[in-house]
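Participant: The sequence isn't on hand, but the structure is:
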């Protein structure tokens with residue numbers, strides 16, 4: 001039986017959601033097939049947490065743990081960390097150096113997709129459409145008029161490198177721009193300001209399933225809030241409709257763009273990309289490489305619609321990682 005480390009937690013504002021995702025993976029995987037270990041990776045400690053919530057420190061030198069005098073090594077890592085260090089490439093590089101296979105994409109793809117600006121600029125030459133954007137780094141002179149003349153109003157101000165929906169504001173007037181920028185700087189020292197795309201928002205899961213790139217059924221997002229923010233995403237303030245209420249022709253177009261992005265980036269594992277459809281054209285907002293894996297999360301909903309159960313989804317990720 002293979003030893004599987006399910007890593008969860010992380011160093012970002014989203015660590016609680018990651019713990020929930022990780023526990024879902026732990027509870028859904030077949031314990032007669034794998035020996036499962038819940039590993040909490042937090043700024044203050046890396047620990048294995050047993051059934052009684054007892055903690056055992058992880059040796060970062062080789063990612064091993066001593067339990068009852070016996071050293072346990074891991075055959076594979078199931079990565080369920082949203083945000084840093086699990087979604088931005090740091091852990092991917094660490095596990096690659098240690099020679100331990102893991103379920104998410106490689107470190108370069110993780111770092112690239114975590115950086116919204118860089119991701120979109122790599123995909124643009126491949127004909128993937130995006131919003132008009134303006135970039136700011138902490139310390140840059142802010143010329144509100146110049147920004148608005150480029151992106152227009154309303155616009156969105158977002159942290160550039162954040163796996164979550166924290167720090168995002170919708171700006172409707174010139175006066176709201178500076179406070180929104182300050183809010184985004186709380187999460188990141190780089191900011192992306194994007195034009196408002198008025199259209200239908202959809203979320204598209206693309207995975208490698210049994211060795212084939214598979215686009216999952218598309219989800220339409222109808223937010224009760226002004227946009228798909230943290231509350232909408234995690235506190236039930238949005239309706240997620242799978243499959244999306246779109247024409248067959250548009251569905252095929254979005255599937256092709258999502259699959260193209262996955263292939264161009266040489267992705268592995270799970271991915272979930274967000275698009276806004278304007279004039280029948282999908283515009284990409286971002287790609288998440290470790291999407292939420294709770295039963296309510298979008299990617300598991302899409303897998304369910306495709307006839308893939310959570311145990312099958314998670315086991316497939318482990319088997320592909322071991323094979324690679």
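Facilitator: Here it is on my side, so go on. Source: prediction; values computed, not measured.
Participant: domains of the protein?
Facilitator: Using automatic domain parsing, the domain parsing of the chain gives 2-103, 111-129+198-323, 132-195.
Participant: Include mean pLDDT and mean neighbour count when you put the ones you listed into CSV, please.
Facilitator: Any C-beta I mention is one placed from the backbone N, CA and C, and that applies to glycine too. Shown next, in CSV, are the domains of the chain (pLDDT from 0 to 100; neighbours: other CB atoms under 10 Å):
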stretch, mean pLDDT, mean neighbour count
domain 2-103, 97, 18
domain 111-129+198-323, 91, 18
domain 132-195, 92, 17
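Participant: And the helices in the chain, which stretches?
Facilitator: Ranges of helices within the chain are 15-28, 90-98, 107-114, 116-123, 144-151, 174-185, 230-234, 248-264, 298-305, 310-323, based on DSSP state H.
Participant: Figure out which of those helices is closest to residue 83.
Facilitator: The closest of the helices of the chain to residue 83 is helix 15-28. By CB to CB, the value is 7.4 Å.
Participant: for stretch 293-308, how far is the first residue from the last?
Facilitator: 13 Å (CA to CA, to the nearest Å).
Participant: cool, and stretch 128-141?
Facilitator: 30 Å.
Participant: Then stretch 288-303?
Facilitator: 16 Å.
Participant: Kindly report the same for stretch 2-15.
Facilitator: End residues of stretch 2-15 are separated by 26 Å (CA to CA).
Participant: same deal with stretch 153-170?
Facilitator: End-to-end distance for stretch 153-170: 9 Å, by CA to CA.
Participant: can you pull out the strands in the stretch 51-200 of the chain?
Facilitator: 55-59, 64-67, 70-72, 76-79, 129-130, 133-137, 155-159, 169-171, 190-195, 200-209 (DSSP state E, counting those that start in this stretch).
Participant: Indicate which one of those strands is closest to residue 319.
Facilitator: Among the strands of the stretch 51-200 of the chain, strand 76-79 sits nearest to residue 319 (CB to CB), with 9.0 Å.
Participant: could you list every residue that touches the residue nearest the centre of the chain?
Facilitator: The centre of the chain sits closest to residue 288, judged by CA atoms, centre = their mean, with a distance of 2.7 Å. By CB atoms under 8 Å, 6 or more residues apart in numbering, residue 288 lies in contact with 82, 87, 113, 163, 271, 272, 273, 274.
Participant: Cross-check the contact I'm expecting between residue 321 and residue 100.
Facilitator: No - contact between residue 321 and residue 100 fails when scored by CB atoms under 8 Å: they sit 9.3 Å apart.
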